[in-house]
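> Give the three-dimensional model of this entry:
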Amino acid sequence: MARYIGPKTKISRKFGDSIYGSDKYFEKKNYPPGQHGLNKKRKKPTEYGLQLAEKQKAKYTYGILERQFRNIFKKASRKSGITGEVLLQFIETRLDNVVYRLGIAPTRAAARQLVSHRHIVVNGEVINIPSYALKPGFVVGVRERSKTLEVITDALAANRSLLPWLEWDEEKMAGKVLNYPQRDEIPENINEQVIVELYSK
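The predicted structure follows:
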């Protein structure tokens, strides 16, 4: 499936936010890309333009394509609760994102690759679908023969802080989804309500 593999700093500069994590190049050039990035007088964006930009930002952040994103939104809109929050909950509990949040992989792209290459197990079974939807109580771990992989050991050694809706067992190299995350437990700088307004038109 097609994925964005172009320059990541350029995308971060486009949205004015370091959406792929710490980026020294973005810090040097935190203005829009292009020949006239700093000086170009841009028209005031329309309401639709702002909504579209927010959706694109979310898609790039989580590495999701348009059709997938639209399907997740449809699923979220059918569930009770605040649609925007439910949308983010569904995206956050995708297998590739949880692997990243647990610290098993340094980036979401690396997490997606680990899943695709069959290094990750869910409830003891190998799952190679990055978009696999996890539910509270599901246990995500590293496959026994993959526990010495350098990319995994290096990522875990970085010791990222764990979010409150996840639990990590260092000895078993496995983590548990305790519950769906609340909005204040999702650190991404995304205005989900604007995305809901876009899709509701």
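> what's around residue 200, how many residues?
Burial of residue 200 is recorded as 10 neighbouring residues (other Cβ atoms under 10 Å). (C-beta placed from N, C-alpha, C; glycine too.)
> What separation is there between it and residue 168?
37 Å (Cβ to Cβ, to the nearest Å).
> Packing partners of the lengthiest helix in the chain?
For the chain, the longest helix by residue count, based on DSSP state H, is helix 47-62. In this structure, helix 47-62 makes packing contacts with helix 8-15, helix 66-78, helix 192-199, judged by 3 or more Cβ pairs under 8 Å, 6 or more residues apart in numbering; DSSP states H and E.
> Can you list the buried residues in it?
Going by neighbour count (16 or more other Cβ atoms under 10 Å), the buried part of helix 47-62 is 51, 53, 54, 55, 56, 57, 58, 59, 60, 61, 62.
> ditto for stretch 113-125
Residues of stretch 113-125 classed as buried by neighbour count (16+ other Cβ under 10 Å): 113, 114, 115, 119, 120, 121, 122.
> What is the subsequent helix or strand relative to whichever strand or helix holds the third one?
Okay, so that is residue 115. Residue 115 is part of helix 108-116, with elements assigned from DSSP states H and E. Scanning forward in sequence from helix 108-116 by DSSP H and E, the next helix or strand is strand 120-122.
> what's the first-to-last distance across stretch 126-142?
The first and last residues of stretch 126-142 sit 9 Å apart, counting by Cα to Cα, to the nearest Å.
> Now do the one residue sitting closest to the centre of the chain against residue 109, distance only.
Central residue of the chain (Cα atoms, centre = their mean): residue 62, 3.1 Å from the mean position. Distance, residue 62 to residue 109, using Cβ to Cβ: 11 Å.
> Could you save the helices and strands packed on helix 47-62 as CSV and add columns showing mean neighbour count?
What follows is the helices and strands packed on helix 47-62, written out as CSV (neighbours: other Cβ atoms under 10 Å):
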stretch, mean neighbour count
helix 8-15, 19
helix 66-78, 15
helix 192-199, 18
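> Would you mind giving me the confidence score for residue 201?
pLDDT, residue 201: 77.
> Please tell me how far it sits from residue 69.
Residue 201 is 15 Å from residue 69, by Cβ to Cβ.
> What of residue 185?
21 Å.
> Repeat that for residue 105.
With distances taken as Cβ to Cβ, residue 105 is found 21 Å from residue 69.
> what residues go with each domain of the chain?
8-89+188-199, 94-179 (automatic domain parsing).
> Would you agree residue 54 is in contact with residue 193?
No: Residue 54 is beyond contact range of residue 193, at 9.1 Å (criterion: Cβ atoms under 8 Å).
> Just the terminal-to-terminal distance for stretch 161-179.
17 Å.
> What residues of that stretch count as buried?
For stretch 161-179, by 16+ other Cβ under 10 Å, it's 165, 166, 168, 173, 174, 175, 176, 177.
> and the two most separated of the residues you listed?
Based on Cβ to Cβ, the longest span within the buried residues of stretch 161-179 runs between 165 and 173 and measures 19.1 Å.
> for this protein, what are the low-confidence residue spans?
Confidence mapping of the chain against pLDDT under 70 gives the ranges 1-43.
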